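K.L.:
Got a predicted model here, sequence first, then my questions.
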Amino acid sequence: MEVCEHAVVHGSAAVAAAIDLYTRCSLRLLPRADDEAGAAVLELDLRDHGLTFSWPCARLHEALLTEEVAGAQEARPCSPDRMASIARLLEEHEIPEAKIWLSAGLSAFLFLYTSILGSDLPMGSGLGSSAAFCVSMSGALLTAAGMVAAVGGISSKGTGWELVGKDDLELVNQWAFQGEKIIHGKPSGIDNTVSTFGSTIKFKKGELTNLKSRNPIKMLITDTRVGRNTKALVAGVSERASRHSDAMASVFHAVNSISEEVSSLVELAANDEIAITSKEEKLAELMEMNQGLLQCMGVSHSSIETVLRTTLKFNLVSKLTGAGGGGCVLTLIPTLLSNLVLEKVIAELESQSFRCFIVEVGGQGFQVCQGGCSCFNGDVV
Ligand SMILES: Nc1ncnc2c1ncn2[C@@H]1O[C@H](COP(=O)(O)OP(=O)(O)OP(=O)(O)O)[C@@H](O)[C@H]1O
Ligand SMILES: C[C@@](O)(CCO)CC(=O)[O-]
Ligand SMILES: [Mg+2]
């Protein structure tokens with residue numbers, strides 16, 4: 001969940017929280033002998049989409065491992081030459097036209113794979129999904145490269161899932177950011193950061209502040225099912241900012257103030273210095289103001305406005321989340337809201353072909369499950 005997105009790309013503070021929805025990535029490494037036989041293949045199985053992509057390791061080596069490989073200890077950006085080689089590799093695949101948007105995710109995967117593990121073959125292998133994808137992928141690859149390790153500790157996800165130390169999380173986050181750059185163009189880093197570290201954070205110009213939080217807030221997420229692309233929406237906001245620089249500077253300034261207020265509110269509530277109902281009223285007002293400013297930035301959409309109108313009929317406040325332009329909308333579920341009303345709201349939204357689900361904010365970040373060689377991380381909205 002994010003409050004005050006977009007302005008964060010332009011240096012304003014924003015507040016984000018992980019939710020209890022996860023992107024899982026399983027990594028299976030084939031024995032070295034297969035690679036020596038020259039038959040090794042890198043296979044990416046995108047289960048949600050029912051698609052499998054594969055590349056002969058020798059082909060990857062020839063196309064992407066010609067540069068000096070500096071090692072994975074430090075994340076580095078994807079050079080234009082490397083990006084062009086990745087694009088050529090992808091052209092060899094016939095990605096169905098209806099799923100062409102997947103090519104950004106595939107590019108990020110090939111970049112992360114060849115940067116983190118690729119030099120050491122053998123191998124197998126609008127809710128912040130791009131960041132969750134990059135975090136789980138970077139984390140799995142860094143774990144396989146022996147650069148990130150579980151430190152034990154209890155994960156809420158159940159048996160087998162283990163936590164990772166702060167320095168290792170930092171490395172996962174840095175690589176995931178480089179992957180996000182391929183998908184987003186100009187990401188602020190907020191999505192990969194909250195996806196890696198979990199919980200609720202304030203984020204400004206690359207700096208993260210962890211917010212203590214108690215009594216997690218519940219949100220209704222409505223997926224409008226309208227497809228959109230974060231890269232294009234972020235570019236649209238930048239263009240508007242250059243056309244109306246003074247007005248947009250004021251908008252970004254207002255967003256910054258809202259984020260600061262939300263952060264104080266979360267901390268006051270954690271210290272029991274404010275009643276829950278009063279915190280929820282203030283949060284609802286700030287969300288409403290944030291949505292108005294996002295409309296000023298030009299990232300709302302008729303489907304989003306329909307969700308806003310529908311929830312307002314029940315006195316509930318909503319705002320778009322992520323980059324907007326369609327995608328998902330967040331609605332605050334006050335503690336005192338009856339289940340009956342909540343069911344009515346959901347029924348009305350779903351009758352308009354939207355899809356609803358309820359989440360608790362403040363999920364966990366990146367974790368490792370060694371038994372199944374899988375990694376996963378908290379998704380972000
Ligand atoms: N599980 C996944 N498998 C493969 N590719 C993925 C996956 N998740 C995300 N992607 C890639 O990320 C792209 C979506 O990124 P985009 O930033 O536009 O949306 P988002 O991250 O869900 O929303 P937002 O950035 O607004 O929070 C997809 O088109 C695809 O290329
Ligand atoms: C729209 C944006 O603020 C969030 C996308 O989830 C972009 C970013 O911060 O990178
Ligand atoms: Mg994204």
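P.N.:
Okay, I see it. Ligands and ions are numbered 1, 2, ... in the order given.

K.L.:
count of residues packed around residue 182?
P.N.:
25 (other CB atoms under 10 Å). (C-beta placed from N, C-alpha, C; glycine too.)

K.L.:
residue contacts, it?
P.N.:
Residues in contact with residue 182 (CB atoms under 8 Å, 6 or more residues apart in numbering) are 78, 83, 104, 107, 108, 111.

K.L.:
among those residues, which ones are buried?
P.N.:
78, 104, 107, 108, 111 (16 or more other CB atoms under 10 Å).

K.L.:
who in the stretch 251-381 of the chain is up against ligand 1?
P.N.:
322, 323 (CB under 6 Å from any ligand atom).

K.L.:
that older thread, out of the buried ones among the contacts of residue 182, which sit inside helices?
P.N.:
Mapping these onto helices (DSSP state H) picks out 104, 107, 108, 111.

K.L.:
out of these, who's nearest ligand 3?
P.N.:
Distance ranking of these against ligand 3, using CB to the ion, places residue 104 first at 9.2 Å.

K.L.:
The closest one contacts residue 183, doesn't it?
P.N.:
Yes - counting by CB atoms under 8 Å, residue 183 is a contact partner of residue 104 at 4.4 Å.

K.L.:
Can you work out which residues contact both of those two?
P.N.:
Common neighbours of residue 104 and residue 183 (CB under 8 Å, 6+ apart) are 130, 231.

K.L.:
for residue 310, what are its contacts?
P.N.:
With CB under 8 Å, 6+ apart, residue 310 has these contacts: 345, 348, 349, 352.

K.L.:
what's the farthest-apart pair in those residues?
P.N.:
Spatial extent of these (CB to CB) is set by the pair 345 and 352 at 11.4 Å.

K.L.:
Please say which of the two ends up with more neighbours.
P.N.:
residue 345 (21 against 12).

K.L.:
Does the closest residue to the more buried one other than its chain neighbours belong to a helix, a strand or coil?
P.N.:
Of all residues not flanking residue 345 in the chain, residue 314 sits nearest, at 5.0 Å (CB to CB, 6 or more residues apart in numbering). Put simply, residue 314 is coil when judged by DSSP: H, G, I helix; E, B strand; the rest coil.

K.L.:
So which residues on this structure come close to ligand 3?
P.N.:
130, 230 (CB under 5 Å from the ion).

K.L.:
max-length helix in the chain?
P.N.:
Criterion DSSP H: the longest helix present in the chain is helix 245-270.

K.L.:
after that one, next one along is what?
P.N.:
helix 276-297 (DSSP states H and E).

K.L.:
list the helices and strands that next one packs on?
P.N.:
Secondary-structure packing of helix 276-297 (3 or more CB pairs under 8 Å, 6 or more residues apart in numbering; DSSP states H and E): strand 2-3, helix 245-270, strand 318-320, strand 328-333.

K.L.:
Apply 6 Å and report the result again.
P.N.:
When contacts are defined as 3 or more CB pairs under 6 Å, 6 or more residues apart in numbering; DSSP states H and E, helix 276-297 sits against helix 245-270, strand 318-320.

K.L.:
Quick one: residues contacting residue 152.
P.N.:
Taking CB atoms under 6 Å, 6 or more residues apart in numbering, we find residue 152 in contact with residue 162.

K.L.:
And the residue in the stretch 151-300 of the chain positioned nearest to ligand 1, how close does it get to residue 282?
P.N.:
Nearest residue of the stretch 151-300 of the chain to ligand 1 (CB to the nearest ligand atom) works out as residue 230 at 3.4 Å. Note on residue 230: its distance to residue 282, by CB to CB, to the nearest Å, is 29 Å.

K.L.:
which one of those two has more residues nearby?
P.N.:
Neighbour count, other CB under 10 Å: between residue 230 and residue 282, residue 230 has more, with 27 against 17.

K.L.:
That one contacts residue 323, doesn't it?
P.N.:
Yes - using CB atoms under 6 Å, residue 230 makes contact with residue 323 at a distance of 4.0 Å.

K.L.:
ok, which of the contacts of residue 182 also contact ligand 1?
P.N.:
Answer for the contacts of residue 182 near ligand 1 (CB under 6 Å from any ligand atom): residue 104.

K.L.:
Quick check: which ranges of the chain have low pLDDT?
P.N.:
1-4, 28-40, 65-72, 117-126, 153-159, 371-381 (pLDDT under 70).

K.L.:
what's the residue closest to the geometric middle of it?
P.N.:
Central residue of the chain (CA atoms, centre = their mean): residue 128, 2.6 Å from the mean position.

K.L.:
Assess the claim that that residue and residue 191 are in contact.
P.N.:
Yes - counting by CB under 6 Å, residue 191 is a contact partner of residue 128 at 4.1 Å.

K.L.:
how near is residue 189 to residue 9?
P.N.:
Taken as CB to CB, the span from residue 189 to residue 9 is 9 Å.

K.L.:
related to what we said a few turns ago, now secondary structure too, for the contacts of residue 310, in TSV please.
P.N.:
Output for the contacts of residue 310, formatted as TSV (three-state DSSP):
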residue	secondary structure
345	helix
348	helix
349	helix
352	coil
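
K.L.:
Residue 19 should be in a strand, yeah?
P.N.:
Yes - the assignment for residue 19 is a strand, going by three-state DSSP.

K.L.:
burial count for residue 348?
P.N.:
Using other CB under 10 Å: residue 348 sits among 15 other residues.

K.L.:
so where does the closest residue to it other than its chain neighbours fall, helix or strand?
P.N.:
For residue 348, ignoring the flanking residues on the chain, the nearest one in space by CB to CB, 6+ apart is residue 310 at 5.6 Å. Assigned by DSSP H and E, residue 310 belongs to helix 302-312.
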